[in-house]
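Any chance you can model this:
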Amino acid sequence: MNRTYHDDYLQSCRQPGHFWADKASLIDWHTAPTQVLTQDDGQFRWFSDGLLNTSYLALDGHVAAGRGEQTAIIYDSPVTGIKRNISYAGLLEDVACCAGMLRGLGVRRGDRVIIYMPMVPEAVVAMLACARLGAVHCVVFGGFAAHELAVRIDDAGADVLVTASCGIEVDRTISYKPLVDAAMAKAEHAIRHCVVLQRPRCLAEMQNGRDVDWATAMAAAEPVDAVPVKATDPLYILYTSGTTGKPKGVVRDHGGHAVAMRFSMSAVYGVGPGDVFWAASDVGWVVGHSYIVYGPLLAGCTTVLYEGKPVRTPDAGSFWRVCAEHGVKTLFAAPTAFRAIRKEDPEAKLARNHDLSRLERIYLAGERLDPPTWKWLQEHFQRPVIDHWWQTETGWAIAANPAGYELQPVKPGSATWPMPGFEVAVLDDDGRMLEAGAQGNICLRLPMPPGCLTGIWGDSERFHDGYLARFAGYYQSGDAGYIDEEGYLFVMGRTDDIINVAGHRLSTGEMEEVLGAHPAVAECAVIGIPDELKGELPLGLVVLKDGVDRDAAKLNDELVLAVRQEIGAVACFRRALVVNRLPKTRSGKILRRIMRQMAAGESYTVPSTIDDPACLAELAIQLEALQLNVAS
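Numbers count the residues shown, from 1 in each chain. Just a heads-up that it's a prediction; the model follows:
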């Protein structure tokens, strides 16, 4: 890039309309926007009078430019032994036919489609096919239980669901269809059609009149062209945990998203057409949306779709095998993945079996990058290890070491500098700007750049109350941290009751609902406790009803099973501790932050509003004993 980071950052803050108009000119619009930034009912909108289609930009445009034979997707599945290279032309053909199939099932512009799939190419095809029609896809991670899927069906009001017969793990096969059938039975909103990809490992039973076989329907489908849609039309809904039990449907639009993805691939990751980019995540998470599917394909890269794990597929060298075999230039994963690799291969001996000369940079996000993991990667791989910070809500990096401009010296624990478009401020609880080094609420001055959420599906009040209401003129990130004298941003942790398990944001409130439903439990709290491998794990603290005397081990097993059934194994809920009482303020608010600090062995200040100080001392003894048991 010819301009410097400082040039672009300054212009993006002072003249956001000019800055993003320039970036928007890099994509192929059906009708180019004349309005770059507008406000409607207090909400900022990007490129509101532009028309485009994201699927066209990701596929048709590259084929029309003569790059149809370039590989678009490398599918690498160590759990099945299958590897496939899919060209841009081949992917376009599949997506056009899938769009035709969905149109034949009645899907039109603005309709919602649930996608509940494993990491297979058909998941990407279904996403892009929805975008091609102007339909709104809602990808649900295949590890979620039937209840969670039913909640999303109802909230989205989806009429069509696309799934597979099973997901394949290292040591087991998970039948998806029974989970999907249970979810459809539980949901109040009726699914008209369920499209099922039959996988040889496990064939699903089909229901006449409702269920549709993927292969049969694809073979009969007529391909369709991309439908131009408004830049402000929703591209997808992605559900993320809220502090209540109800998930939040983050809405992303077509126009701002496409512009941001193209810009981020260049500015944040320093990649372009023909480069091999691997985000080792899942399409059910925001990383999968942004950097397995849309970002790489919009930028003309080759993206790796990996159906496997960091370890045990077959060993802790699997990441390095994929990088070497496919010529990966940029690897992006959560810190928990590298902690798992480090645990099994502490000296990185397995990496020495592979030629990693084409791997230029390693990126980490999804949770705080602990300095020991950064140091281990730096020591053994001797190439830039880049921590960057972003959220499901933003869709791309708020702060990063700007590889597309010039890499800066690394400060372990910092995500480096805010990216152009994100004007970051650290505020105290009264909304006052804090000086360098002082820790407070990390906020983003409005307007946020293109690509960020445009709202919460069906709940504008929740969007305003959850993100915009507390600090006038700012988006409240929900994270705490500070900016040092050189402008480096340090993100220290959450300010709400969301925990981060292996890069997955999970609601403690949702788990509390499950625990509280047990007939023996009077009240409960769930907190995140540090874990060397996962980053955080949930710990349930339960108070039993008066007169109830239960075996602690048996109760623990029952509560663990209940969370698994209602939320899924992804919650990693393994322990419930029976306590006599929970520390509260006089107004009845449970002191979750202090309990988290106690469980982590951190210092804490007893608030003046506490109802019973002796409760904390009592709980501290139990948590200390728990830590000793875990250590032994």
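
For the spatially closest residue to Gly104 that is not a sequence neighbour, list the residues it contacts.
Spatially, and ignoring its direct neighbours in sequence, Gly104 is nearest to Ala221 (6.3 Å; CB to CB, 6 or more residues apart in numbering). For glycine as for every other residue, the C-beta is placed from the backbone atoms N, C-alpha and C. By CB atoms under 8 Å, 6 or more residues apart in numbering, the residues touching Ala221 are Cys97, Cys98, Gly100, Met101, Gly104.

what's the distance between Ala221 and Arg152?
Applying CB to CB, to the nearest Å, the value for Ala221 to Arg152 is 26 Å.

re earlier: closest one of the contacts of Ala221 to Asn401?
Asn401 has its nearest neighbour among these in Cys98, at 37.6 Å by CB to CB.

Could you count how many residues lie near Asp253?
Per other CB atoms under 10 Å, the neighbour tally for Asp253 reads 26.

Likewise for the one 10 residues further on?
Other residues within reach of Phe263, judged by other CB under 10 Å, total 29.

And it, its phi and psi?
When quoted as degrees, to the nearest 10, the phi and psi of Phe263 stand at phi -60, psi -40.

Once you drop chain neighbours, what's closest to it?
The shortest distance from Phe263 to any non-neighbouring residue, by CB to CB, 6+ apart, is to Lys23 (4.9 Å).

Quickly find the element holding that neighbour.
helix 16-24 (DSSP states H and E).

Run through who's touching that helix.
Residues outside helix 16-24 that contact it (CB under 8 Å, 6+ apart): 8, 11-12, 32-33, 36-37, 46-47, 50, 255, 259, 262-263, 420-421, 447, 449-450.

just checking, which of these belong to helices?
Of these, the ones assigned to helices by DSSP state H are Asp8, Gln11, Ser12, Gly255, Val259, Arg262, Phe263.

And these, which is closest to Pro613?
For the ones in helices among the contacts of helix 16-24, the minimum distance to Pro613 (CB to CB) is 48.9 Å, reached by Ser12.

For the nearest residue to the closest one once chain neighbours are set aside, the count of nearby residues, please.
Nearest residue to Ser12, sequence neighbours excluded (CB to CB, 6+ apart): Pro420, at 3.9 Å. Neighbourhood size, Pro420 [other CB under 10 Å]: 27.

Identify the residues contacting Pro420.
Going by CB under 8 Å, 6+ apart, the list of residues near Pro420 reads Tyr5, Asp8, Tyr9, Gln11, Ser12, Phe19, Phe263, Ala267, Pro449.

Check Met433 too.
Residues counted as contacts of Met433 (CB under 8 Å, 6+ apart) are Ala425, Val426, Leu427.

Also Arg3?
Taking CB under 8 Å, 6+ apart, we find Arg3 in contact with Tyr405.

where's stretch 383-393 relative to the chain centroid, distance-wise?
12 Å (CA atoms, centre = their mean, to the nearest Å).

now stretch 336-350
Distance, stretch centre to chain centre, for stretch 336-350: 23 Å (CA atoms, centre = their mean).

Over to stretch 191-207?
The answer for stretch 191-207 is 26 Å, by CA atoms, centre = their mean.

list the buried ones in that stretch?
Ile191, His193, Cys194, Val195, Val196, Leu197, Gln198, Arg199, Cys202, Ala204 (16 or more other CB atoms under 10 Å).

Would you map the strands across the stretch 151-300 of the chain?
160-164, 166-168, 173-175, 193-197, 211-213, 229-230, 234-240, 248-253, 276-279 (DSSP state E, counting those that start in this stretch).

need those in a markdown table with mean pLDDT, can you?
Converted to a markdown table, those look like this (pLDDT from 0 to 100):
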| stretch | mean pLDDT |
| --- | --- |
| strand 160-164 | 98 |
| strand 166-168 | 96 |
| strand 173-175 | 95 |
| strand 193-197 | 98 |
| strand 211-213 | 98 |
| strand 229-230 | 98 |
| strand 234-240 | 95 |
| strand 248-253 | 96 |
| strand 276-279 | 98 |
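
Determine the number of other residues adjacent to Glu461.
Residue neighbour count, defined by other CB under 10 Å, stands at 9 for Glu461.

do the same with Arg352
For Arg352, the tally of surrounding residues (other CB under 10 Å) stands at 11.

re earlier: of all the strands of the stretch 151-300 of the chain, which one is nearest Lys186?
Lys186 sits nearest to strand 160-164 of all the strands of the stretch 151-300 of the chain, at 13.1 Å, using CB to CB.

Each with direction, which strands does the closest one pair with?
strand 112-116 (parallel), strand 193-197 (parallel) (DSSP bridges).

Could you break the protein into its assigned domains?
Per automatic domain parsing, the structural domains of the chain span 52-299+424-464, 309-386, 498-631.

highest average neighbour count across these?
Sort these by mean neighbour count, taking mean count of other CB atoms under 10 Å, and domain 52-299+424-464 sits at the top with a mean of 21.

Now Cys98: closest residue in space that isn't a chain neighbour?
Nearest non-adjacent residue to Cys98 (CB to CB, 6+ apart): Ala129, at 3.6 Å.

pretty sure Pro314 is in contact with Pro78, am I right?
Yes. Judged on CB atoms under 8 Å, Pro314 makes contact with Pro78 at a distance of 6.8 Å.

what sits against the closest residue to Leu203 other than its chain neighbours?
Nearest residue to Leu203 in three dimensions, chain neighbours excluded: Ser165, at 5.8 Å (CB to CB, 6+ apart). Residues near Ser165 by CB under 8 Å, 6+ apart: Ser175, Tyr176, Lys177, Val196, Leu197, Gln198, Arg199, Arg201, Cys202, Leu203, Ala204.

How about the fourth one: which residues does it bridge to?
Bridge pairing for Val196 (DSSP bridges) gives the partners Thr163, Asp213.

any idea how far it lies from Ala221?
15 Å.

Tell me where the stretch 501-632 of the chain has helices.
All helices of the stretch 501-632 of the chain, identified by DSSP state H, counting those that start in this stretch, fall at 508-516, 552-566, 592-599, 613-631.

hmm, who's touching the shortest one?
Translated: helix 592-599. Helix 592-599 is contacted from outside by 497, 508, 525, 527-530, 539, 541, 582-583, 603-604, 606-607, 616, 619-620, 623, 626-627, using CB under 8 Å, 6+ apart.

10 Å instead?
The contact list for helix 592-599, computed with CB atoms under 10 Å, 6 or more residues apart in numbering, reads 493-497, 499, 508, 512, 525-530, 536, 539, 541, 577, 579, 582-583, 591, 602-607, 610, 616, 619-620, 622-624, 626-627.

cool, the last one as well?
Residues outside helix 613-631 that contact it (CB under 10 Å, 6+ apart): 527, 529-531, 537, 539, 541, 575, 577-584, 591, 594-595, 598-601, 604, 606-607, 610, 612.

can you give me the helices in the stretch 201-350 of the chain?
Under the criterion DSSP H, counting those that start in this stretch, the stretch 201-350 of the chain contains helices at 214-220, 255-267, 286-288, 295-298, 318-326, 335-344.

Centre of the chain to the last one, how far?
A distance of 19 Å separates the centroid of the chain from that of helix 335-344, by CA atoms, centre = their mean.
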